[in-house]
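J.: here's my sequence, what's the structure:
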Amino acid sequence: MDRSNKLLRYLASRLLLAPVMLWLISSLVFLLLRVAPGDPVDALLGSRASAAAREQLRQQLGLDQSLPMQYLDFLGDLLKGDLGTSMVSAKSVGAIVRDALPASIELGFAALIIAIVLGLIAGFSGIAKPEGKIDLAGRLYGIGTYALPSFWAAMVLQLIFAVGLGWFPVGGRFPPTLVPPSGTGFYLLDGVLQGNWQVVSGALRHLALPAFTLGLLLSGIFDNALRLNLRRVLRSDYVEAARSRGISETQVVLRHGLPNALLPMLTIAGITVASLVGGALLIEVIFSWPGIANQLQEAINRRDYPLVQGIVVVVAALVVLVSLVVDVLVALLDPRLNF
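T.: Sure thing, here's the model as predicted:
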């Protein structure tokens, strides 16, 4: 069987596994919400509400049904593409997710670019003189940024660049003096498409600090990965053969070592997308960023079961999709892989 057929079989198996993974994740979230302490009725009415009012609300929310019936209703709505209705705002969960998701994607995409650039620069800096001062500084950078608590780093950067220097806003996604652009929900993209550079400037100033903070915290992953992969590649037989032919060390690194060392970075970038969801939670809360992670935190605090379930399902679907695309790209770019 040739490689193209194997790749198609691999892709088909991954596509068949994706719904199973989403079902397992959604079921786990459904059960964890029900066994976790706290009652949505108490969160909505308070502990002093009368028993009649509590029972009436419980019937309206469908919480008076048995757990298997609630689960079947949840799965039935999910199969129809209905994520339910928020218990708190009575808005469609799908509409809430659609409104919040562009903000999180914009922040995550910008942070991922910053993380890759910073990580690759730090990881590549010590190749000329391994075990030297620059190499040691790069190692310390990778370990330090990976180990920094996100809430602490965010508040320190806020104090320095927003409060102290006044270069960036403390929080928010858009200047309150301007009207947010209509369109895709991605403010930078909408501003560019509409040619409104005042919108682009305002959105960029609000995006810069939270994106840099999140990107800085994730850059250590790429730094350590590139450093390890590049050293492993530079010790391989084909690199030694290139050196024996008289090729300069710069060409050996750039033409033979770096392209092969960068291939695993695609996989790491895909995994980092999942990390962006958890890492962005505290960043969005601290910077008052109106993204999906912030919505998730509020929904958990309010015991808003449908909103929590809907957000987790959508995020899980995005992570599965990104992982599938990354796996296919790696398989296409790396002929050494077998399926």
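J.: all helices for the stretch 51-200 of the chain, in order.
T.: For the stretch 51-200 of the chain, applying DSSP state H, counting those that start in this stretch gives helices covering 51-61, 67-79, 93-125, 133-147, 150-157, 187-194, 197-234.
J.: so which of these comes closest to Ile300?
T.: helix 93-125 (14.1 Å; CB to CB). (C-beta placed from N, C-alpha, C; glycine too.)
J.: rounded mean pLDDT for that closest one, please.
T.: When the per-residue pLDDT values of helix 93-125 are averaged, the result is 86.
J.: what residues sit buried inside that helix?
T.: Of the residues in helix 93-125, those with enough neighbours to count as buried (16 or more other CB atoms under 10 Å) are 93, 96-97, 100-108, 110-112, 114-116, 118-120, 122-125.
J.: that helix - contacts with which helices or strands?
T.: Using 3 or more CB pairs under 8 Å, 6 or more residues apart in numbering; DSSP states H and E as the contact criterion, the secondary-structure elements in contact with helix 93-125 are helix 133-147, helix 197-234, helix 258-286, helix 292-301, helix 305-333.
J.: and it with helix 292-301, angle?
T.: Calculated by axes from the mean of the first three to the mean of the last three CA atoms, to 10 degrees, helix 93-125 forms an angle of 130 degrees with helix 292-301.
J.: any chance of TSV for the helices of the stretch 51-200 of the chain, columns distance to Gly38?
T.: Shown next, in TSV, are the helices of the stretch 51-200 of the chain (distance: least, CB to CB, whole Å):
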stretch	distance to Gly38
helix 51-61	14
helix 67-79	16
helix 93-125	19
helix 133-147	32
helix 150-157	23
helix 187-194	35
helix 197-234	29
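J.: quick one: stretch 36-54 to chain centroid distance?
T.: Averaged C-alpha coordinates place stretch 36-54 at 34 Å from its chain's average position (CA atoms, centre = their mean, to the nearest Å).
J.: ugh, wrong one, I meant stretch 72-91
T.: Averaged over its C-alpha atoms, stretch 72-91 has a centre that lies 24 Å from its chain's centre (CA atoms, centre = their mean).
J.: which helix or which strand is home to the nearest residue to Ala317 once chain neighbours are set aside?
T.: Setting aside the residues directly before and after it, Ala317 is nearest to Leu22 in space (CB to CB, 6 or more residues apart in numbering), at 6.0 Å. Secondary structure from DSSP states H and E places Leu22 in helix 3-35.
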